[in-house]
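> kindly generate the corresponding structure for this input.
(one chain, ligands or ions: 3)
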Amino acid sequence: MVKTSTISLSSISVRGVVQGVGFRPFVFQLAKRHNLRGWVRNTSEDVQIAVEGEAKNIEQFAKDLRGQAPPMSHIEGIEVARGTPKNYNGFEIRKSVTESGKYQLVSPDIATCPDCLKEIFDPKDRRYRYPFTNCTNCGPRFTIIKDIPYDRPNTTMGSFKMCPACRKEYDDPLIRRFHAQPNACPVCGPKLELVDAKGKIVVGDDVSKKTAELLKEGKIVAVKGLGGFLLACDATNEKTVNRLRQRKNRPAKPLAVMMSDIDEIRRHCELNKAEENLLKSPGSPIVLVKWKSESTITKAVAPGLKHLGVMLPYTPLHHLLLRDVWLPLVMTSGNLSEEPIAKDNDEALRRLGSIADHFLMHNRDIHARYDDSVMIVERDIPRFARRARGYAPYPIHLPYQSRQILGCGAEEKNTFCLTRDNYAFVSQHIGDMENLETLEHYVNTIGLYKKLFRIEPKIIAYDMHPEYLPTKYGKELAANSRLKLFPVQHHHAHIVSCMVDNGVKGSVIGVALDGTGYGTDGNIWGGEFMVADYKGFKRAAHLEYLPLAGGALAIKKPYRTAIGYLTALGIELDRNLPLFKEVNKGEIAIIKNQVEKGFNAPLTSSMGRLFDAAAALCGVRGVIEYEAQAAIELEMAADEAPDEKGVYPFSYEKQADVNIIKVADLLKAMIKDILNDTPQAVVAARFHNTIARMILETCQKIAKESGIKRAALSGGVFQNRLLLRKAVPLLESAGFEVYTHRQVPCNDGGISLGQVVIANFSEGE
Ligand code: ZN
Ligand code: ZN
Ligand code: FE
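Numbering: from 1, shown residues only. Ligands and ions are numbered 1, 2, ... in the order given. A predicted model of the protein is given here:
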């Protein structure tokens, strides 16, 4: 018998970032196109669809659902169930349903899309030069959400009432502003205001044009962006940039530059295709790219560096400003030194009043502080130095179902992480936890993530370092609420974060190289080779313990580390070394005394400190003004000698079943080179070759003992691009499968992710 009707019904559930991104209008149009009837609606956890029609049309519909989804959506999963046809009339968008306890993913803030950009610069458009133009494909998301579901009253746009024209767009499924929660126009939306440092309004016909004039005059202007204020000034004006540095108390740390378009960036920097794509991507991060020597951007922006952090405008306001000023602009976080970025208008005036001459602000509140993301492209892979705007709070996928856990993170470059189901919600970059403002930002942001993703952690994972503020916070929290506490060793967390970043299970050889991390023996670790899995680790090899003369002081003054190391290793202090030019005899005696008596000279196996010592030895840098400056400049010094093949010697000593890597021969050979007037570029290149070689040989030793041929590389030292470029191919050609970071930073920004994984597998029920 031939069936007369092939009408069937399918109920479809779509999960992921599918709300506030134009998904329902897309479904609406897709259903019409395939001659299907039914409805679509948002719930607290998914988009639900019922479609009725011919089976082959439904099949095609389901395929296109994934294949043609709107640009800002991110589908995590689609479930389809068959049902009995209900004889729907047409297709409709139904009211959203809220269910308690359910949650959904939240989109990060997205750079202005090409369609909106066109409107902003079209004199005939009603949004001509309107700085808050956005649509379902772009604009603020995470920074304005106070709670889910993502509807206007739950955002900081709640206080703006849409005008009839905007309302019409908002209600029309065929327009790209359908249910665009921050939808606004010059009639009904937020407005700009330019004020001086005292908060007095500066008059001008066009606020953006007036601001551009001030910037051209050399003024510093605090500009309110998506996740906070950025300090802007003319990047080609050395005097202005230095004034900004002085006022911000940031003497040397590189600043980022925003340029109007990709051609302008090309005038100042060399870009490869991957870097260009990353700059133009919806995340619109700061990308560190090669800085051309002929660039007119003042060297004061990034003293001593060959890379420049650049970005494109990512809000309509930036686009307007950049076109009006027609200059590359320094755009750096609106804060004093290491404090969190300022986000509220009155807060900005209070905290940045002594830095900025003027404030370009507006009356749309920022709910979440959100720094710019910083990335590099190395070995063709985009990698994070800092993960925030454009990426967080999008979760990292776990290769298992997790319990609800809070990972408190590390002290520096802090992020925290909350887990549920197979998601790890790694927070945006919070910052260095060294002041109360940052701690407050941290606590508030944990609260926001718990609320948005409906997470109540039962376990708190923390770094073993007793002095870390996040560790203290976690312990306090547990004490007050009877939560389980789980300590995680710093470098184990690094390695596991790299494993999860790559979706890897089982055991690996973990190479964790960084500046500082608390070891299980109370020493400062940082040159660690371990056999590790999600549950535990065995320290298989490490750099030998050497003394840091003066502790924290040695970190600020790498020459102290160098002299201390040489003293401890019994290597003669040859006064012809460039190192001794900046040290007086009295201090040398103090350092020697500290090392010999073991007084205020904590032991460390840190690779970061070995880089410091090497940088000081060859005269690259003896005193630093920002974290890792000596190591970064050593890398820069070596940059021009890519063909240098020389390697310095090093040796191993087996203690119990641990391989100790001895560096006396390395330092001696380096000193010999330096005293023979070998160019700095060659010495620096040979040092990098040596560390790459050390990574290879140590992994080979461990592979022989353990049978493991997979290596995970993590820790801040791997931000060194030259080292990464040298070490990875060496390992690969020796038959290792090598894992490096892609989704979270290799630096301490990744620690919280490692913590939650280790706690999940190690802490019993
Ligand atoms: Zn748009
Ligand atoms: Zn309007
Ligand atoms: Fe670390």
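> low pLDDT regions in the stretch 551-700 of the chain?
Residue ranges of the stretch 551-700 of the chain with pLDDT under 70: none are present.
> neighbours around the residue in it that ligand 1 sits nearest to, how many?
At 36.7 Å from ligand 1, Tyr626 is the closest residue in the stretch 551-700 of the chain, using CB to the ion. All C-beta atoms are positioned from the backbone trio N, CA, C, and that covers glycine. By the criterion of other CB atoms under 10 Å, Tyr626 has 12 neighbours.
> can you count the residues close to the residue lying closest to it once chain neighbours are set aside?
Distances taken as CB to CB, 6 or more residues apart in numbering put Lys253 closest to Tyr626, at 3.9 Å, once the chain neighbours are dropped. Neighbours of Lys253 under the rule other CB under 10 Å: 16.
> what pLDDT does the closest residue to ligand 1 within the stretch 251-400 of the chain get?
Residue nearest to ligand 1 within the stretch 251-400 of the chain (CB to the ion): Pro316, separated by 9.2 Å. Per-residue pLDDT puts Pro316 at 98.
> tell me the buried residues in the lengthiest helix in the chain?
Counting residues, the longest helix in the chain under DSSP state H turns out to be helix 680-706. Neighbour counts over helix 680-706 (16 or more other CB atoms under 10 Å) mark 680-703 as buried.
> equivalent analysis for stretch 571-588, please.
Those would be 573, 577, 579-580, 583, 587-588, for stretch 571-588 by 16+ other CB under 10 Å.
> for stretch 286-301, same thing?
Neighbour-count burial for stretch 286-301, counted by 16+ other CB under 10 Å, picks out 286-289, 291, 295, 297-298, 300-301.
> so which of those residues is the closest to Ile708?
Top of the list for closeness to Ile708, among the buried residues of stretch 286-301 and by CB to CB, is Leu288 at 32.8 Å.
> which strands border the host helix or strand of the closest one, and is each parallel or antiparallel?
Counting by DSSP states H and E, the element that carries Leu288 is strand 286-291. Under the criterion DSSP bridges, strand 286-291 sits next to strand 269-270 (antiparallel), strand 307-311 (antiparallel), strand 374-378 (parallel) in its sheet.
> what's stretch 156-166 in contact with?
Contacts to stretch 156-166, defined as CB atoms under 8 Å, 6 or more residues apart in numbering, come from residues 126, 144, 146, 152, 170, 177, 181-185, 187-190, 364-367.
> check those residues for burial and list the buried ones.
Neighbour counting by 16+ other CB under 10 Å classes 144, 152, 170, 177, 181-185, 189-190, 364-367 among these as buried.
> which ones among these map onto helices?
Using DSSP H, the subset of those located in helices is Tyr170.
> compare the strands paired with strand 286-291 and give me the one nearest Arg621.
strand 307-311 (16.6 Å).
> what about that closest one, average pLDDT?
Strand 307-311 comes out with an average pLDDT of 98.
> what's the angle from the helix or strand just after that strand to strand 307-311?
Next in sequence after strand 307-311, counting helices and strands by DSSP H and E, comes helix 316-325. Angle of helix 316-325 versus strand 307-311, following axes from the mean of the first three to the mean of the last three CA atoms, to 10 degrees, is 110 degrees.
> any idea of the mean pLDDT in the next helix or strand along the chain from helix 316-325?
Beyond helix 316-325 in the direction of the C-terminus, DSSP H and E gives the next helix or strand as strand 329-333. In this model, strand 329-333 has a mean pLDDT of 97.
> ok, strand 329-333: who's next to it in the sheet?
Here, using DSSP bridges, strand 329-333 pairs with strand 229-234 (antiparallel), strand 256-258 (antiparallel).
> show me what counts as buried in the following helix or strand past the longest one.
Meaning strand 229-234. Sequence-wise, the next helix or strand downstream of strand 229-234 (DSSP H and E) is helix 238-248. Across helix 238-248, burial judged by 16+ other CB under 10 Å covers 240-241, 243-245, 247-248.
> ranges for the helices of the stretch 351-500 of the chain?
Secondary structure of the stretch 351-500 of the chain (DSSP state H, counting those that start in this stretch): helices at 436-452, 469-481, 490-501.
> got a pLDDT number for Lys435?
Slight slip there: residue 435 is Asn, not Lys. For Asn435, pLDDT reads 87.
> for it, what are its contacts?
Contact analysis of Asn435 by CB under 8 Å, 6+ apart lists 338-339.
> repeat that with 10 Å
By CB atoms under 10 Å, 6 or more residues apart in numbering, the residues touching Asn435 are 336-340, 441, 469.
> looking at those, which are in helices?
Mapping these onto helices (DSSP H) picks out 441, 469.
> ChimeraX command for the buried members of the contacts of Asn435?
ChimeraX command restricting the contacts of Asn435 to the buried ones, with burial defined by 16+ other CB under 10 Å:
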select :336,338,339,340,441,469
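> which one of the contacts of Asn435 is nearest to Arg721?
Using CB to CB, Glu338 comes nearest to Arg721 of these, at 24.3 Å.
> what's the distance between the closest residue to Leu675 other than its chain neighbours and Asp677?
Once flanking residues are discounted, Leu675 sits nearest to Asn576: 6.0 Å by CB to CB, 6+ apart. Distance of Asn576 to Asp677, computed by CB to CB, to the nearest Å: 10 Å.
> repeat for Ser96
Ser96 sits 73 Å away from Asp677, going by CB to CB.
> and this protein, which of its residues are near ligand 2?
Residues of the chain lying near ligand 2 by CB under 5 Å from the ion: 163, 166, 185, 187-188.
> circling back to that earlier point, nearest to ligand 3, out of the strands paired with strand 329-333?
With CB to the ion as the yardstick, what comes closest out of these is strand 256-258 (23.3 Å).
> so what does the helix or strand that that closest one is followed by touch, helix or strand wise?
Once the chain leaves strand 256-258, the next helix or strand it forms, by DSSP H and E, is helix 262-268. With contacts taken as 3 or more CB pairs under 10 Å, 6 or more residues apart in numbering; DSSP states H and E, helix 262-268 sits against strand 256-258, helix 273-280, strand 286-291, strand 307-311.
> next, format those as JSON lines and append distance to Val504.
Converted to JSON lines, the helices and strands packed on helix 262-268 look like this (distance: least, CB to CB, whole Å):
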{"stretch": "strand 256-258", "distance to Val504": "33"}
{"stretch": "helix 273-280", "distance to Val504": "24"}
{"stretch": "strand 286-291", "distance to Val504": "27"}
{"stretch": "strand 307-311", "distance to Val504": "30"}
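> redo the ones you listed as TSV? Include distance to ligand 1.
Putting the helices and strands packed on helix 262-268 into TSV (distance: least, CB to the ion, whole Å) gives the following:
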stretch	distance to ligand 1
strand 256-258	19
helix 273-280	15
strand 286-291	21
strand 307-311	18
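> who wins for proximity to Gln60 among the ones you listed?
Between Gln60 and those, the tightest spacing by CB to CB is seen for helix 273-280, at 30.8 Å.
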